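Colleague: coordinates only, sequence not included:
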């Protein structure tokens, strides 16, 4: 009998629990540990932030779905991973012993790295449904008194799609309210050019996204470092191609949403051999940590090095289909280990993104995500908007029931040329 513990009940953790339960032996115990008693569909947060979705539309209580699948649920915050003893320390003082540990926590949001950044400062966030609800409240007030908007991502950020997405969603909502003409908008990003996306571009992303920003009358500043944020004023340093200060901008705003940089969670920080300097889990091609061979990593918690440095630091995104592939590979490899066999499954680290623009959308596929690629395209159209709505419904149903829809999954993956495993 083996105890398999998954930490994190989000985009990676819940599918991981289901797939691991399907592949585990009858006598094995699968446990999910989450600091929240609910799942929330993170890609829908930008819609919550402008009141196009309600919290209850995108959240699922964890208890019943996991109970139906005979997966044990532990609600509590992990304060420390103890690899030498194969134990987790919980905030309430309890400990949990594991034979295999899968870290699927996502990141820690590093708002503290920039003065005045984040929901506790002067900018909004769409990284969590709690943040999105606070952003929505701010949005209602802002729309009563329209003024400039600043939106984008700060230096070290690795998730740029939602920043572009939210810029266009705000634009669409302002047009519906007939007040877009009263709101100058500026997109601020550490990317060396618009459409870099942390991936050195995808297809014609530079020209396409620049065109969309122009079409929507959104100005931009690239190679940007946010120095600090004050009430109603963002201090931004624009850098040259060598990363040297080129120009300073003081951007007034009535509403600002900036995606932060990510780090690993506190429970694993500074564990030599387990994490990199930013606290992300080091894994091999089978999603297993090379030092602690019973610890596995999936999703945003995993360390992925960028293809090449940028003048202002940017990270590498981990998108939903990539995470699903990591989940499947990890489940198969743990089962192989339980059977005394060598792990062979490898995730296909392909980047696939559906970004809504209110009444339109942009999709990109990068396979693999780091160049050179076999597939490399970006396209736009109403179909992307509809596809994201369909995927939201599909994924929330999957979380509620614990059952995937193979026909839908196969259709999506075939359409995009994706395989879950190498």
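Modeller: Here it is on my side, so go on. Since the model is a prediction, treat every value here as computed from it, not as a measurement.

Colleague: residue boundaries of the strands in the stretch 201-350 of the chain?
Modeller: For the stretch 201-350 of the chain, the strands defined by DSSP state E, counting those that start in this stretch occupy 218-221, 224-230, 233-239, 245-252, 255-259, 262-263, 295-297.

Colleague: Now render those strands as CSV, adding distance to residue 280 and mean pLDDT.
Modeller: C-beta here means a position set from N, CA and C on the backbone, and glycine is covered the same way. Listed next are those as CSV, based on distance: least, CB to CB, whole Å; pLDDT from 0 to 100:
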stretch, distance to residue 280, mean pLDDT
strand 218-221, 28, 98
strand 224-230, 22, 98
strand 233-239, 25, 98
strand 245-252, 29, 98
strand 255-259, 17, 98
strand 262-263, 8, 97
strand 295-297, 8, 98
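
Colleague: Out of these, flag the one nearest residue 316.
Modeller: Set against residue 316 and scored by CB to CB, those come closest in strand 262-263, at 10.5 Å.

Colleague: Mind giving me the packing neighbours of the closest one?
Modeller: strand 108-109 (3 or more CB pairs under 8 Å, 6 or more residues apart in numbering; DSSP states H and E).

Colleague: rewinding a little: packed most tightly, which of the strands of the stretch 201-350 of the chain would that be?
Modeller: Comparing these by mean neighbour count (mean count of other CB atoms under 10 Å), strand 295-297 comes out on top with a mean of 28.

Colleague: Any idea how far it is from the middle of the chain?
Modeller: Mean C-alpha position of strand 295-297 versus that of the full chain (CA atoms, centre = their mean, to the nearest Å) differs by 18 Å.

Colleague: can you give me the helices in the stretch 201-350 of the chain?
Modeller: 205-215, 320-338 (DSSP state H, counting those that start in this stretch).

Colleague: remind me which residues of this protein are low pLDDT?
Modeller: 404-422 (pLDDT under 70).

Colleague: let's see 50
Modeller: Residues of the chain that meet the criterion pLDDT under 50 lie in 407-408.

Colleague: So the residue nearest to residue 342 when sequence neighbours are not counted versus residue 55, what's the distance?
Modeller: In space, and not counting its chain neighbours, residue 342 is closest to residue 336: 6.5 Å by CB to CB, 6 or more residues apart in numbering. From residue 336 over to residue 55 the distance is 40 Å, taken as CB to CB, to the nearest Å.

Colleague: what does the domain assignment say about the protein?
Modeller: Annotated domains of the chain cover 3-109+263-348, 111-261 [automatic domain parsing].

Colleague: Which of these sits closest to residue 357?
Modeller: Per CB to CB, nearest to residue 357 of the domains of the chain: domain 111-261, 3.8 Å.

Colleague: Give me the distance between the two termini of that closest one.
Modeller: With CA to CA, to the nearest Å as the measure, domain 111-261 spans 7 Å from end to end.

Colleague: what's the answer for stretch 305-322, then?
Modeller: 15 Å.

Colleague: That one: how far from the chain's middle?
Modeller: The answer for stretch 305-322 is 12 Å, by CA atoms, centre = their mean.

Colleague: before we move on, what about stretch 229-243?
Modeller: 24 Å.

Colleague: now stretch 244-255
Modeller: Taking mean C-alpha positions (CA atoms, centre = their mean), stretch 244-255 and its chain are 26 Å apart.

Colleague: now what about it, what contacts it?
Modeller: If you take CB atoms under 8 Å, 6 or more residues apart in numbering as the criterion, stretch 244-255 is touched by 124, 138-139, 142, 145-150, 170, 186, 188, 221, 223-224, 232-240.

Colleague: hmm, back to that, please identify the deepest-packed of the helices of the stretch 201-350 of the chain.
Modeller: Comparing the helices of the stretch 201-350 of the chain by mean count of other CB under 10 Å gives helix 320-338 as most buried, with a mean of 24.

Colleague: elements contacting it?
Modeller: helix 13-23, strand 100-103, strand 295-297, strand 351-356.

Colleague: Distance to residue 133 for these - can I get that in a markdown table?
Modeller: Formatted as a markdown table, those follow (distance: least, CB to CB, whole Å):
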| stretch | distance to residue 133 |
| --- | --- |
| helix 13-23 | 21 |
| strand 100-103 | 27 |
| strand 295-297 | 30 |
| strand 351-356 | 19 |
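
Colleague: For residue 68, which of the strands of the stretch 201-350 of the chain is the nearest?
Modeller: strand 295-297 (24.6 Å).

Colleague: Of the helices and strands packed on helix 320-338, give the one that comes closest to residue 34.
Modeller: Taking the helices and strands packed on helix 320-338 one by one with CB to CB, helix 13-23 is closest: 7.0 Å.

Colleague: any idea which helix or strand comes after the closest one?
Modeller: strand 29-34 (DSSP states H and E).

Colleague: got the angle for that following strand vs helix 13-23?
Modeller: 180 degrees (axes from the mean of the first three to the mean of the last three CA atoms, to 10 degrees).

Colleague: In terms of secondary structure, what does strand 29-34 contact?
Modeller: Counting by 3+ CB pairs under 8 Å, 6+ apart, strand 29-34 packs on strand 3-7, helix 13-23, strand 72-75.

Colleague: got a list of contacts for whichever helix or strand comes after it?
Modeller: Of the helices and strands lying after strand 29-34 in sequence (DSSP H and E), the nearest is strand 38-40. Outside of strand 38-40, the residues within contact range by CB under 8 Å, 6+ apart are 9, 10, 14, 55, 58, 59, 60, 61, 62, 128, 129, 399.
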